[in-house]
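[1] Please find the sequence and the predicted model below.
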Amino acid sequence: MKVLIAEDDPISRLLLQGHLQKWGHEVTAATTGAEAWRLFEGATFPLVVSDWMMPEMDGPELVRRIRACQRPGYVYVILLTARTQKADVVQGMEAGADDFVTKPFDREELRVRVRAGERIVQLEHTLAEQNLALREAQAALVQSEKLASLGRLAAGMAHEINNPIAYVTNNVAVLRRDMLAALEVLDLWRQGDGASAARLEEELDLAYFRTNFARTCDKTLEGLQRVRDIVRNLRDFARLDEADFKEADLNAALASAAEILGHEIRQKGVRLESDFGPLPPVLCHPGKLNQVFLNLLANAVQACDRGGAVTLRSRAEGDDVVLEVQDNGSGIKPEHRARLFEPFFTTKPIGQGTGLGLSVSFGIVRDHGGVIEVESEVGRGSTFRVRLPRQPPPTGGR
Amino acid sequence: MATASKHSILLVDDEPEILFSLRGLLRREFDLHTANSGAEALEALHRHPVEVIMTDQRMPEMTGVELLRRARGEYPQAIRIVFTGYADIKAVIDAINQGQIYRYLTKPWDPDELLAVLHQACEHYDHLAQRRRLLLDLREHLARSPGQDGAGELLARLDQALAEGPAE
């Protein structure tokens, strides 16, 4: 391990250096607190052994600076001191020292205390690695849940787009055929053959064409508009281009989730009601919040039976905004309440859903400095409430 | 109005714009009936049996395959066709393999292909109706002289052929 020592007394310093090197450590020596600090700033030392009394900067001050500088990786600090009063020990520990060795120091005592320090540093290193792995796993989970919901979204959209494309294509084919037929009739009239024209008109059922032509055109344009809306919805939901925090209208986000699930909701025969209050813009990651609302709404619809109802509510409360998704479905059993946000916990049958939706939603809301609250009664239904600050806290957000 | 010679088709879809669009396409060549749901379709069949039933698969409350299963029970002569988007294909393939459905069409459809399939379906209906008519006539004729050589056996075979009904 790389060790930094700070000791103004030359003999003590040499002794210390010698011992540490014999134990296999790479030692850098400083004669004053100030020099030690300069050396510390310039490199990484997981272990620092420092005298208390030194010119230019004493031990406790050095320790305070080390603790304040917030480098990654833990620094284990041992203070050497002739002072043995409890008050001094307390002062040293308050400054941030991990351990004490009294001077003149016993070699074996120093060795075991240094070894204890090594253990702590190693533990911290392992912890940091595990944390990193966890963060990466978490990111992968969020990504996979996002893909799952994009997948569900795409499936729903495919059906939603299919119908308009089908009837628009058909309408154009019909208009083409009937228009050509009308021109044929017109030609006969121009040729002065009124009788043939009238006969052809009836044969081709031009009366229907006359009555329905405008409507067919209008419906075609509406159908294309529907397709445009669906595509725009997907773009808004995915928000692939936005990684930063932006101000967003969360009522629009809720409405967008409702539109995306529109087909599923109708298919299931569930009634959707909304009660939106005026909301200030919220600084957030809109794509991620869209994912949360989609997840909560999909869960609510799933919980309902045919004929059930889901209500969306929103209001501002002080510096927060509150958004609720309420269903009158089966409710959540008390023994499941505690596990709701657990990754992979699900009450759905195998193959349906990843069990990640709520845990990811929970994480997203937490990263925004908010909370998800749950109220539920078996047989009556559940309410999921998202409470978000208008501005996320400075250390929040990813 | 030469409607007597037009084949009758029942169109079933929960999307009214699809029905309106199909009516535009098919009105000249077929006698059209429409329904917005499986339940409405069954009701319409009670009032006016048809030769061909064409239904969307993905409808709330009763799917197309389910509707056709029920229709087959009560109106076995009608030719059954289902529309489907890709996602529903498994249910439809199963239904076809179980012999329930004459054809399936994808959504969106090609209007010319749709017309061709419907004409084929009507021809198929006619073919089956003719076959049935023939068997009935034969049976009636044979039943007038049961004493004939091999009449009994032939009658039994005719009865069986009639009971098996339309090929689907």
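    Cool, the structure landed.
[2] Could you tell me which ranges of chain B sit under the pLDDT cut-off?
    Screening chain B residue by residue with the criterion pLDDT under 70, one finds the ranges B:1-4, B:86-88, B:99, B:165-168.
[3] swap that for chain A, sorry
    Low-confidence regions of chain A, defined by pLDDT under 70, span residues A:83-84, A:236-243, A:343-344, A:349-356, A:395-398.
[4] tell me the domain boundaries of it?
    Per the record's domain assignment (automatic domain parsing), chain A is made up of the domains A:2-105, A:239-398.
[5] I'd like to know which of these is closest to A:L141.
    Set against A:L141 and scored by Cβ to Cβ, the domains of chain A come closest in domain A:239-398, at 5.9 Å. Quick note: C-beta positions are derived from backbone N, CA and C, even for glycine.
[6] hmm, back to that, okay if I get the domains of chain A as TSV plus distance to B:L105 and mean neighbour count?
    Putting the domains of chain A into TSV (distance: least, Cβ to Cβ, whole Å; neighbours: other Cβ atoms under 10 Å in any protein chain shown) gives the following:
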stretch	distance to B:L105	mean neighbour count
domain A:2-105	63	17
domain A:239-398	20	17
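[7] okay if I get those domains as a markdown table plus distance to chain B?
    Below are these laid out as a markdown table (distance: least, Cβ to the nearest Cβ, whole Å):
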| stretch | distance to chain B |
| --- | --- |
| domain A:2-105 | 49 |
| domain A:239-398 | 5 |
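[8] Figure out which of these is closest to A:A181.
    For the domains of chain A, distance to A:A181 was read as Cβ to Cβ. The smallest value, 36.0 Å, belongs to domain A:239-398.
[9] Just to be sure, A:S50 is in a strand?
    Yes: counting by DSSP: H, G, I helix; E, B strand; the rest coil, one finds A:S50 located in a strand.
[10] Verify the contact between B:A44 and B:S37 for me.
    No: with contact defined as Cβ atoms under 8 Å, B:A44 and B:S37 do not form a contacting pair (10.3 Å).
[11] tell me the strands in chain B, going along the chain?
    Listed in chain order, the strands of chain B (DSSP state E) span B:8-12, B:31-35, B:52-56, B:79-84, B:103-106.
[12] Other residues contacting the third one?
    Outside strand B:52-56, the residues within contact range by Cβ atoms under 8 Å, 6 or more residues apart in numbering or on different chains are B:7-15, B:18, B:38, B:41, B:45, B:64, B:67-68, B:71, B:78-84, B:105, B:107, B:118, B:121-122, B:125.
[13] and the angle for that strand with strand B:31-35?
    Going by axes from the mean of the first three to the mean of the last three Cα atoms, to 10 degrees, strand B:52-56 is angled at 40 degrees with respect to strand B:31-35.
[14] gap between strand B:52-56 and the chain center?
    8 Å (Cα atoms, centre = their mean, to the nearest Å).
[15] Only C-alpha atoms, please: export that strand in PDB.
    What follows is strand B:52-56, C-alpha atoms only, in PDB (Å, rounded to 0.1, in the frame of the first residue of the first chain):
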ATOM      1  CA  VAL B  52     -70.200 -15.200 -46.100                       C
ATOM      2  CA  ILE B  53     -69.200 -13.800 -42.700                       C
ATOM      3  CA  MET B  54     -66.000 -11.700 -42.600                       C
ATOM      4  CA  THR B  55     -64.900 -10.500 -39.200                       C
ATOM      5  CA  ASP B  56     -62.000  -8.700 -37.500                       C
END
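[16] and that strand, which strands flank it?
    Paired strands of strand B:52-56, with direction, are strand B:8-12 (parallel), strand B:79-84 (parallel) (DSSP bridges).
[17] Beta-bridge partners for the spatially most central residue of chain B, please?
    Ranked by distance to the mean C-alpha position of chain B (Cα atoms, centre = their mean), the top residue is B:I79 at 1.6 Å. Partner residues in beta bridges with B:I79, using DSSP bridges, are B:V52.
[18] give me every residue that touches it.
    Neighbouring residues of B:I79 by Cβ under 8 Å, 6+ apart: B:E51, B:V52, B:I53, B:Y102, B:A121, B:C122, B:H124, B:Y125, B:E168.
[19] and the residues you listed as TSV, adding neighbour count?
    TSV is the format used below for those (neighbours: other Cβ atoms under 10 Å in any protein chain shown):
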residue	neighbour count
B:E51	22
B:V52	23
B:I53	30
B:Y102	23
B:A121	22
B:C122	19
B:H124	18
B:Y125	20
B:E168	18
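[20] Which one of those residues is nearest to A:P389?
    Comparing the contacts of B:I79 against A:P389 with Cβ to Cβ places B:I53 closest, at 57.6 Å.
[21] give me the number of residues near the closest residue to B:D13 other than its chain neighbours?
    Closest residue to B:D13 in three dimensions, ignoring its sequence neighbours and counting by Cβ to Cβ, 6 or more residues apart in numbering or on different chains: B:D56, at 4.2 Å. Number of residues near B:D56 (other Cβ atoms under 10 Å in any protein chain shown) recorded here: 25.
[22] how near is B:D56 to A:K2?
    The span separating B:D56 from A:K2 equals 73 Å under the rule Cβ to Cβ, to the nearest Å.
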